Structure formats: C-alpha cells, structure tokens
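K.L.:
Sequence first, predicted coordinates after that:
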Amino acid sequence: MEWNQVTFDLPKIAVEDTKKVVEDAFEKYRRLLFTVPNDKLPKITTTYSLTPPSQTNEFHSTTEDAAIYNVERNLFMKSIESAVNRLNGEHRAILIQCYMQKERTKDCAVALELDMSSRTFYREKKEAIINIANALGIAVYESEVKAG
C-alpha cells in the first residue's frame, strides 16, 4: 500500500475538558511540591528544563526509605516532569511558569517574560496543554464526552 493511500483519523480532543484534567494534574503536582523536602525538589534550569536531584550514596534501610519517601507521589511527580521535559522549549517554559512552581504566576506575566503577545501566548499555551495531555495519556476526546 502506498503512503498516500494510508489514512488514519485521530480522535478529536475535547479541548476544554482536556484543559481541566491537565490543570487538575498540575494542581496536584503543585500541592505535592510542598510535601517534598527542598533538597529533593527538581531544579529549573535557565532553558526551562526540570533536573531531578542527584542521588547520593547515603545509606537508608528500605523501611526508612519507605517512611521518608512516598513512592506513589514520587512516581506521579516524575511522570509529570518527564512529560514536560519532552516538550519543545517554548511549551516547557509556559507550563513550568504557569503550573509547576510553588508560587502561581499570572498568564500576562508569563507572556511578558517570554516576550509573547497575548494572542500568541494563549495559542501556545493551548497547544502545550494538548501536548502534555497526550504525553501523559490523559487527553479527553469528544467521543468520551458525548458518551458520558
């Protein structure tokens, strides 16, 4: 079969529902930031990448590790960070500044810092939200909304 004969229709994303799911995930991420010790927080580089803390050779028993660190929380946060790091630099910067810092930043401040017009900022933010939803596997499709 030739390439031009192959068709594959992707389901249409319900943007507003997807945005809500993504914002809920980022709100959970932000709340969890307050439960992580400062030395365990990811660092944000000047290119807007999240760098996980390096592991040391400190000795902890498995019981201590389980008590100190909530594995499920850690996996959730790492999955968000990994998905964000797979995005292009502009989308990464938008999501990190809007959703992934302890302090909330207003959209207009982020747009100004990234030297974007309002229109460009909101278009890129929408695209970033759709891309992160796809990367995390949490996108909501119109067929799901109609069925539910």
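P.N.:
Okay, I see it.
K.L.:
C-terminal to the lowest-mean-pLDDT helix or strand in the chain, what's the next element?
P.N.:
Lowest on mean pLDDT, DSSP states H and E among the helices and strands of the chain sits helix 62-68, with a mean of 52. Scanning forward in sequence from helix 62-68 by DSSP states H and E, the next helix or strand is helix 71-85.
K.L.:
What are the buried residues along that following helix?
P.N.:
Using 16 or more other Cβ atoms under 10 Å as the test for burial, helix 71-85 gives Met77, Ile80, Glu81, Ala83, Val84, Asn85. In this view, the C-beta of every residue, glycine as well, is placed from N, C-alpha and C.
K.L.:
Looking at these, which is nearest Ala133?
P.N.:
Each of the buried residues of helix 71-85 was scored against Ala133 by Cβ to Cβ, and Ala83 proved nearest at 9.2 Å.
K.L.:
ok, now how distant is the closest residue to the closest one other than its chain neighbours from His91?
P.N.:
Spatial nearest neighbour of Ala83, excluding adjacent residues (Cβ to Cβ, 6 or more residues apart in numbering): Ala135 at 3.9 Å. With distances taken as Cβ to Cβ, to the nearest Å, Ala135 is found 10 Å from His91.
K.L.:
Tell me which of those two has more neighbours.
P.N.:
Using other Cβ atoms under 10 Å, the more surrounded residue of Ala135 and His91 is His91, with 20 against 17.
K.L.:
what helix or strand is the more buried one on?
P.N.:
Per DSSP H and E, His91 falls inside helix 89-99.
K.L.:
mind listing what's buried in that helix?
P.N.:
Under the neighbour-count criterion of 16+ other Cβ under 10 Å, helix 89-99 has Glu90, His91, Arg92, Ala93, Ile94, Leu95, Ile96, Gln97, Cys98, Tyr99 buried.
K.L.:
picking up where we left off before, touching, the residue nearest to Ala83 and Asn85? I think so.
P.N.:
No - contact between Ala135 and Asn85 fails when scored by Cβ atoms under 8 Å: they sit 9.7 Å apart.
K.L.:
And the strands in this structure, which stretches?
P.N.:
Under the criterion DSSP state E, the chain carries strands at the ranges 43-44, 50-51.
K.L.:
quick one: low-confidence parts of the chain?
P.N.:
Across the chain, the ranges flagged by pLDDT under 70 are 1-7, 36-43, 45-47, 49-70, 147-148.
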